[in-house]
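Chemist: Need coordinates for the following:
(4 chains)
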Number of protein chains: 2
Amino acid sequence: MTLPVPPWEQRAPKRRPAKLPLSREAILAAAFRILDAEGLDAVTMRRIADELDTGPASLYAHVANKDELYALLLDQAAGEMRLSEPSAEHWQDRAKEFIRELERVLVSHKDLGRAALARIPTGPNSLAASEALLALLRAGGVPDQDCAWAADILSLYAVAHAYENGLHLLQAGGEEAGIAYVAAIGQYFRQLPTDRFPNIVELAGLLTTGDGDVRFEFGLDLLIRGLASRAADAKRDHG
Amino acid sequence: MTLPVPPWEQRAPKRRPAKLPLSREAILAAAFRILDAEGLDAVTMRRIADELDTGPASLYAHVANKDELYALLLDQAAGEMRLSEPSAEHWQDRAKEFIRELERVLVSHKDLGRAALARIPTGPNSLAASEALLALLRAGGVPDQDCAWAADILSLYAVAHAYENGLHLLQAGGEEAGIAYVAAIGQYFRQLPTDRFPNIVELAGLLTTGDGDVRFEFGLDLLIRGLASRAADAKRDHG
DNA sequence: TTCGTCACACGAACGGCGTTCGTGATGGAG
DNA sequence: CTCCATCACGAACGCCGTTCGTGTGACGAA
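Modeler: Next up, the predicted model:
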């Protein structure tokens, strides 16, 4: 009962020109293209489907849902981290480098950091990164329980900072607007009533000083100092 | 040309029974009711309108958009914080209490913490809280620039932790399911290949030990130790 | 070569979202 | 009483994630 397709309706060449067959890899590649150009909010199922010249329903054959897709993006990004070898003497520097590297990779994909919040990473690349961080800390003589919890806290710090950094960078449309916004906040602080907010008014300048990197380094210093302090205490107590 | 309203169509008593007139306060109250019951994702303009027996368009006379509404929720929550007086000798304890209090208030409103991420709080209650934190730190002799940045970092820590905590508590549908999930992760870690992930396998138990509070205290200890260490350095260098 | 099967592709639709527009009601001022 | 500014709100627009049912192309079996 099926009629032959009229010639004027026949699709061009049968051998799939240009359009790659759908696959997890193709989907992830398209997702990264959109993410890097417009941020995480633009990475929708429909947008990815558009990018691949298909409908949104087609994606569900390769990815369970948007949440799984975000998890895959995250793990792929984790694979971009440059990991370094443990070093007993320089464990503090190595740990700092690790956290900087995590933040760098996340920010390089705009606000991908948001996808990392409130998610326990279990992908292979994420696990490899966690393994490296644990190795770094243990090589430095940090107590095991501290290593375990510190890996969590340090990652949380990098992720949270990457999210804020990436978002500011995104929504401001560049560095310039971001700086202007912070400056405006500073001006606002200075205008507050001195009797109710003496410290905010007095520290208005310092509160809005420093770009993302300087502030990031400050928090990193706090955390690593704290870790070193605890490690020293443990050594003294234990022997 | 307008006919009189037929008696059977006249609304009940003219003096507005039960239905309060719309106002910012009524909207916020409804939003908090939904937030505390179902979490931030359920706080939509339409849902709030339903709660107030009206349509979503009506809300925009009192609130600019959803983002402003979230900011208002956040500032109202900040008003629930119990702030304590500065103390020169016990500044570390006071700072810890402040951060604990911030996290407590946020978690008490489910995953409201997410609304606090990537937002510079400028509401009156938030400013009062920031003022109190700055006062606490300065009373302890922490250098001014450290005070300014630390207020930021400490708050970020509380917010990030509150978000993760609140979300786990929400999506798991209670403590029990959350504990089961973490236990499952621990089991997974133990099954990983020992050659590639020796540290994860060995520390699997420690990685999944401790509830939210213990882990929260650990990070808090790290940050405050770091702060104290820097303050001591500054005192020594400066004189 | 022909047929049957099966995984994959995908159009269409459902229910939900934030937000805007235009209209209608209301209540106070002149 | 009339006018007008304000507020309420029904309807709609254009998004979103996800599901269902149909179609279709490739491939192994006969």
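
Chemist: Where in chain A is the helix or strand with the lowest mean pLDDT?
Modeler: Within chain A, judged by mean pLDDT, DSSP states H and E, the helix or strand with the poorest mean is helix A:175-190; its value is a mean of 88.

Chemist: ok, the helix or strand harbouring residue A:68 near chain B or not?
Modeler: Assigned by DSSP states H and E, residue A:68 falls within helix A:66-78. No: for helix A:66-78, no contact with chain B is found by C-beta under 8 Å from any C-beta of the partner chain; the gap never falls below 11.0 Å. (Each C-beta comes from the backbone N, C-alpha and C, glycine too.)

Chemist: So that helix, near DNA strand D or not?
Modeler: Yes: with C-beta under 7 Å from any atom of the strand as the threshold, helix A:66-78 lies in contact with DNA strand D, specifically through A:66-67.

Chemist: what comes into contact with that helix?
Modeler: A:24, A:27-28, A:31-32, A:35, A:40, A:43-45, A:59, A:63, A:105-106, A:109, A:112, A:115-116, A:119, A:121, A:123-126, A:128-129 (C-beta atoms under 8 Å, 6 or more residues apart in numbering or on different chains).

Chemist: How far off centre is that helix?
Modeler: With C-alpha atoms, centre = their mean, to the nearest Å as the basis, helix A:66-78 stands 11 Å off its chain's centre.

Chemist: if we can go back for a sec, mind exporting the C-alpha coordinates of the next helix or strand after the least confident helix or strand of chain A to CSV?
Modeler: Heading C-terminal from helix A:175-190, the first helix or strand you meet, by DSSP H and E, is helix A:198-202. Backbone C-alpha positions of helix A:198-202 (Å, rounded to 0.1, in the frame of the first residue of the first chain) are rendered in CSV as follows:
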residue,chain,number,x,y,z
PRO,A,198,30.1,51.9,61.0
ASN,A,199,32.3,49.0,59.9
ILE,A,200,30.8,48.5,56.5
VAL,A,201,31.2,52.3,55.8
GLU,A,202,34.7,52.3,57.0
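
Chemist: Please report how far residue A:226 lies from residue A:96.
Modeler: 13 Å (C-beta to C-beta, to the nearest Å).

Chemist: Can you classify residue A:53 by secondary structure?
Modeler: Under the three-state scheme (DSSP: H, G, I helix; E, B strand; the rest coil), residue A:53 adopts coil.

Chemist: State the pLDDT value of it.
Modeler: In the predicted model, residue A:53 carries a pLDDT score of 93.

Chemist: Just give the number of residues close to it.
Modeler: For residue A:53, the neighbour count with other C-beta atoms under 10 Å in any protein chain shown is 11.

Chemist: for it, phi and psi?
Modeler: Summarising the backbone geometry of residue A:53 under the convention degrees, to the nearest 10, its torsions are phi 60, psi 50.

Chemist: Break chain A down into its structural domains.
Modeler: Following automatic domain parsing, chain A resolves into domains at A:19-76, A:85-237.

Chemist: a markdown table please, covering those domains and showing distance to residue B:163.
Modeler: Putting the domains of chain A into a markdown table (distance: least, C-beta to C-beta, whole Å) gives the following:
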| stretch | distance to residue B:163 |
| --- | --- |
| domain A:19-76 | 16 |
| domain A:85-237 | 6 |
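
Chemist: returning to what we had before: mind checking if the helix holding residue A:68 is in reach of DNA strand C?
Modeler: No: using C-beta under 7 Å from any atom of the strand, no contact is recorded between helix A:66-78 and DNA strand C, whose separation bottoms out at 12.1 Å.

Chemist: just the CA coordinates of the following helix or strand past that helix, formatted as CSV?
Modeler: Downstream of helix A:66-78, the next assigned helix or strand under DSSP H and E is helix A:91-108. As requested, C-alpha coordinates have been extracted for helix A:91-108 and formatted as CSV (Å, rounded to 0.1, in the frame of the first residue of the first chain):
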residue,chain,number,x,y,z
TRP,A,91,52.2,19.4,49.7
GLN,A,92,50.7,22.8,50.5
ASP,A,93,51.7,24.2,47.1
ARG,A,94,50.6,21.1,45.3
ALA,A,95,47.2,21.2,47.0
LYS,A,96,46.8,24.9,46.2
GLU,A,97,47.7,24.2,42.6
PHE,A,98,45.1,21.4,42.4
ILE,A,99,42.3,23.7,43.7
ARG,A,100,43.4,26.5,41.3
GLU,A,101,43.4,24.0,38.5
LEU,A,102,39.9,22.8,39.3
GLU,A,103,38.6,26.4,39.5
ARG,A,104,40.4,27.3,36.2
VAL,A,105,38.9,24.4,34.3
LEU,A,106,35.4,25.2,35.6
VAL,A,107,35.6,28.9,34.9
SER,A,108,36.9,28.1,31.4
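
Chemist: Show me which residues of helix A:91-108 are buried.
Modeler: Judged by neighbour count using 16 or more other C-beta atoms under 10 Å in any protein chain shown, the buried positions of helix A:91-108 are A:91-92, A:94-96, A:98-99, A:101-103, A:105-107.

Chemist: DNA strand D: which of those residues is nearest?
Modeler: Looking at the buried residues of helix A:91-108 and their distance to DNA strand D, the nearest is residue A:106, at 20.0 Å (C-beta to the nearest atom of the strand).

Chemist: Quick check on the residue nearest to the closest one when sequence neighbours are not counted: phi, psi?
Modeler: Beyond its immediate neighbours in the sequence, the residue positioned closest to residue A:106 (C-beta to C-beta, 6 or more residues apart in numbering or on different chains) is residue A:162, lying 3.6 Å away. Listed backbone geometry of residue A:162 is phi -60, psi -40, with angles given as degrees, to the nearest 10.

Chemist: Was I right to think residue A:162 contacts residue A:102?
Modeler: Yes: contact between residue A:162 and residue A:102 holds when scored by C-beta atoms under 8 Å: they sit 7.5 Å apart.

Chemist: sorry, back to before: return the member of the buried residues of helix A:91-108 nearest to residue B:52.
Modeler: Nearest to residue B:52 out of the buried residues of helix A:91-108 is residue A:106 (C-beta to C-beta; 39.9 Å).

Chemist: follow-up on the earlier one: reformat the buried residues of helix A:91-108 as a markdown table; add distance to residue A:212 and pLDDT.
Modeler: Compiled in a markdown table, the buried residues of helix A:91-108 are given as follows (distance: C-beta to C-beta, whole Å; pLDDT from 0 to 100):
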| residue | distance to residue A:212 | pLDDT |
| --- | --- | --- |
| A:91 | 25 | 98 |
| A:92 | 22 | 98 |
| A:94 | 22 | 98 |
| A:95 | 20 | 98 |
| A:96 | 16 | 98 |
| A:98 | 18 | 98 |
| A:99 | 14 | 98 |
| A:101 | 15 | 98 |
| A:102 | 15 | 98 |
| A:103 | 9 | 98 |
| A:105 | 15 | 98 |
| A:106 | 12 | 98 |
| A:107 | 8 | 97 |
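
Chemist: Most widely separated two among the residues you listed?
Modeler: Greatest spacing in the buried residues of helix A:91-108, by C-beta to C-beta: A:91 and A:107 (24.5 Å).

Chemist: for the one residue in chain A that gets nearest to DNA strand C, what are its contacts?
Modeler: At 2.8 Å from DNA strand C, residue A:57 is the closest residue in chain A, using C-beta to the nearest atom of the strand. The contact partners of residue A:57, by C-beta under 8 Å, 6+ apart, come to none.

Chemist: hmm, try it at 10 Å
Modeler: Shown here is residue A:57, whose contacts under the criterion C-beta atoms under 10 Å, 6 or more residues apart in numbering or on different chains are A:45, A:49.
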